[in-house]
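Chemist: okay, structure incoming, though there's no sequence with it:
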């Protein structure tokens, strides 16, 4: 049961059922691109507006779409749905020298998520977004956060997140408040994915890339 449980919104439920039907067996949803108004509005808190079957089908389709993109997070507004729901998932890479402090982040559906910074430390790294496809830019984020969310059954979770998982959680939660990572990115650092790989892939640390690009982090 979700806090503030409301009656099923028949119109919304029907619209999402139609979206899921159109996605077919592949379960691939269309990802909304920057410029669409849904990415710039405050999403509605999820209080049970969808039927149980529709809700779980939506979560699964969002996960399939995220992994296919590929991405490590996907918020409901990115598939055109203004609800405070996102999915996240990432796994440890073979490269142990990665400065982003990547850690295992198993699949979560995060509903009505929120976070508070722990301490004052921040880190700045290149970051991308499935709704701003093909580009990345340096974005400063909190290194440690206290994250809170509800799972698919309405149970509340609290977890301290550090490094890359904390960045993912912040990115997806911000989506639900109408924010894109580029809003607070160092725009001078904006790069296509191809150029990032060629010129900056081994320089995307808080100090080296900043000096090369001409800004302080």
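Modeler: Perfect, I can see it now. What you see is a predicted model, and the numbers here were worked out from it, not measured in a lab. Residues are numbered from 1 along each chain as shown.
Chemist: low-confidence stretches in this protein?
Modeler: 1, 3-5, 95-97, 201-217 (pLDDT under 70).
Chemist: can you tell me how far the residue nearest to the spatial centre of the chain is from residue 10?
Modeler: Most central in the chain under C-alpha atoms, centre = their mean is residue 172, positioned 2.7 Å from the mean C-alpha point. Note on residue 172: its distance to residue 10, by C-beta to C-beta, to the nearest Å, is 28 Å. Where you see a C-beta, it was placed from the backbone N, CA and C, and this is true even at glycine.
Chemist: buried residues in the longest strand along the chain?
Modeler: Across the chain, the strand with the greatest residue count (assigned by DSSP state E) is strand 105-117. Along strand 105-117, these residues count as buried under the neighbour rule (16 or more other C-beta atoms under 10 Å): 105, 108-113, 115.
Chemist: now for that strand, which elements pack on it?
Modeler: helix 52-68, strand 85-90, strand 144-150, helix 163-175 (3 or more C-beta pairs under 8 Å, 6 or more residues apart in numbering; DSSP states H and E).
Chemist: please name the nearest non-neighbouring residue to residue 136.
Modeler: Once flanking residues are discounted, residue 136 sits nearest to residue 128: 4.2 Å by C-beta to C-beta, 6 or more residues apart in numbering.
Chemist: repeat for residue 158
Modeler: Nearest to residue 158 is residue 148, by C-beta to C-beta, 6+ apart, at 5.3 Å.
Chemist: please verify my assumption that the one you found contacts residue 110.
Modeler: No - with contact defined as C-beta atoms under 8 Å, residue 148 does not reach residue 110; the gap is 9.2 Å.
Chemist: strands paired with the helix or strand containing residue 160, and their directions?
Modeler: In the assignment (DSSP states H and E), residue 160 maps to strand 156-162. Under the criterion DSSP bridges, strand 156-162 sits next to strand 144-150 (antiparallel) in its sheet.
Chemist: buried set for the partner strand?
Modeler: Buried residues in strand 144-150 (16+ other C-beta under 10 Å): 144-145, 147-150.
Chemist: likewise stretch 191-202?
Modeler: 191, 196, 200.
Chemist: check which helix or strand covers the closest residue to the second one other than its chain neighbours.
Modeler: Of all residues not flanking residue 196 in the chain, residue 136 sits nearest, at 5.4 Å (C-beta to C-beta, 6+ apart). Residue 136 is part of strand 135-142, with elements assigned from DSSP H and E.
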